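> Okay, sequence plus prediction incoming.
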Amino acid sequence: MSRVFVVDTSVFIVGDLPEGDVITIKEVVEEVRDKVSRYNLGRMYSISDVVKKDIDYVEQVSKETGDFGRLSKTDIKLVGLAHRLKREGNKPVMVSDDYSIQNIAKKLDIPYRGVQQKEIDEEVVWGLRCIGCKRQYSSKTYVDCPVCGSDLEERILRRKDIVDD
């Protein structure tokens, strides 16, 4: 099994490409626009496609954790790539400062590391909480509280400490 780093745009912006096999998707490369970041694109990396079933799976998991609305299509495809690589017997490591990407990677048992930010130390599940009656809803389909009619706000509903034993 080979170890491969799946990188997002922040890696090229910062210019901190990990040592080893670096892989990304074309959408990440298209997001890189400034001169310094484009220069960093000249370093060694490869581009890979993502399989639809992996995208669908990441979408499903991100809906369970409440991260779906926080992830762009590019983010979902990038995590889908890491999931595909893992499924194929590789050892992918997600490299991103995006906490929702890290949250999904943790849920999928894919190692991750930050670029400039500290990594998350707890897995979270997002949902809605009524500002009136304080009821919580894991489904984000409501606009107003179905019980009291008050506004709903996005909140962390559950936290699970991530501890390396």
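Arrived safely. Numbering: from 1, shown residues only.

> what about the residue sitting furthest away from the middle of the chain, helix or strand, and which?
Of all residues in the chain, Cys148 has its C-alpha farthest from the mean position, at 33.8 Å, by Cα atoms, centre = their mean. Cys148 is part of no helix or strand, with elements assigned from DSSP states H and E.

> Phi first, then psi, for the spatially most central residue of the chain.
Residue closest to the average C-alpha location in the chain (Cα atoms, centre = their mean): Ile101, at 1.3 Å. The phi/psi pair for Ile101 (degrees, to the nearest 10) reads phi -60, psi -50.

> Same question for the one 3 residues further on.
With angles defined as degrees, to the nearest 10, Ile104 shows backbone torsions of phi -70, psi -40.

> Isn't it up against Phe68?
No - between Ile104 and Phe68 there is no contact under Cβ atoms under 8 Å: 9.4 Å. For every residue, glycine as well, the C-beta is placed using N, CA and C.

> contacting residues around the residue nearest to the centre of the chain?
For Ile101, the contacting residues are Asp8, Leu71, Asp75, Leu78, Val79, Met94, Tyr112, by Cβ atoms under 8 Å, 6 or more residues apart in numbering.

> Contacts for stretch 119-133 next, please.
So stretch 119-133 is in contact with 64-67, 70, 99, 102-103, 106-107, 112-113, 135-140, 142, 145, 147-162, going by Cβ under 8 Å, 6+ apart.

> If we use 6 Å, what do you get?
65-66, 99, 102-103, 106, 136-138, 140, 145, 147-148, 150-153, 155-162 (Cβ atoms under 6 Å, 6 or more residues apart in numbering).
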